[in-house]
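Asks: Pasted the sequence and its predicted model underneath.
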Amino acid sequence: MIRQQLGAYRERVRSALIAAFQESHTPHQIGLSFAIGIFITALPTLGTGLGVFVLLAYAFSWINKVALFSSVVVLNPIVKPLVYLASYRIGSVLFSPEPVILFDITLIDAAINIMRRLLIGNLIIAFALAVGGYFVVRRLTIEYRDRDIEIIEVVLEEPRTEER
């Protein structure tokens with residue numbers, strides 16, 4: 001009787017642990033959530049990116065909030081100036097050194113030329129980081145879940161009874 005109760009309790013604990021380690025989001029959804037977050041974070045949103053995150057998180061149930069918001073940790077204020085510098089360099093390679101003159105006002109024309117280079121380069125970097133981030137996070141999620149399942153199976157493996 002006690003052995004049956006312990007077996008039933010052990011099975012409930014095992015089921016609860018397995019359920020706790022099963023995510024409601026697929027590795028694809030987690031990777032895509034992170035990629036969207038990286039894309040938005042890499043853009044010069046002037047602080048509105050977090051508001052966009054909140055809107056996306058509530059508008060789409062498939063978005064993993066932790067993955068989405070973790071992109072801010074990856075592209076933090078220390079890293080973002082490097083992203084902007086690289087963005088400007090990439091934009092400068094793509095556009096001719098001849099400035100675009102729209103208003104015949106030096107300051108405004110210079111600002112337009114700088115922003116054009118920065119934004120185009122930034123879109124390229126944001127896209128590249130998002131694609132790379134998707135594949136890395138998707139793979140890490142799969143590996144993490146495989147490892148956790150193996151650990152759970154080892155911990156919860158049936159105890160071997162020795163013949164006496």
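Replies: Received, thanks. Numbering: from 1, shown residues only.

Asks: Show me the residue sitting in the middle of this protein in space.
Replies: Nearest to the centroid of the C-alpha atoms of the chain, with distances taken as CA atoms, centre = their mean, sits Phe34, at 1.8 Å.

Asks: And that one, what's its pLDDT?
Replies: Looking at Phe34, its pLDDT stands at 91.

Asks: Contacts only, for it.
Replies: Asn64, Ala67, Leu68, Ser70, Ser71, Gly133, Tyr134, Val137 (CB atoms under 8 Å, 6 or more residues apart in numbering). In short, each C-beta sits where N, CA and C put it, glycine included.

Asks: any residues touching whichever strand or helix holds Val54, and which ones?
Replies: Element membership for Val54, per DSSP states H and E: helix 49-59. Here helix 49-59 makes contact (CB under 8 Å, 6+ apart) with Ile36, Gly37, Ile40, Thr41, Leu43, Thr45, Ile63, Lys65, Leu68, Phe69, Val72.

Asks: List buried residues within the residues you listed.
Replies: Ile36, Gly37, Ile40, Thr41, Leu43, Ile63, Leu68, Phe69, Val72 (16 or more other CB atoms under 10 Å).

Asks: Looking at the residues you listed, point me to the pair that's furthest apart.
Replies: Leu43 and Ile63 (17.6 Å; CB to CB).

Asks: Select from the contacts of helix 49-59 every entry located in strands.
Replies: Among the contacts of helix 49-59, no member is found in strands (DSSP state E).

Asks: on that earlier part again, can you lay out the contacts of Phe34 as a markdown table showing distance to Phe53?
Replies: Converted to a markdown table, these look like this (distance: CB to CB, whole Å):
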| residue | distance to Phe53 |
| --- | --- |
| Asn64 | 12 |
| Ala67 | 11 |
| Leu68 | 6 |
| Ser70 | 11 |
| Ser71 | 9 |
| Gly133 | 15 |
| Tyr134 | 17 |
| Val137 | 16 |
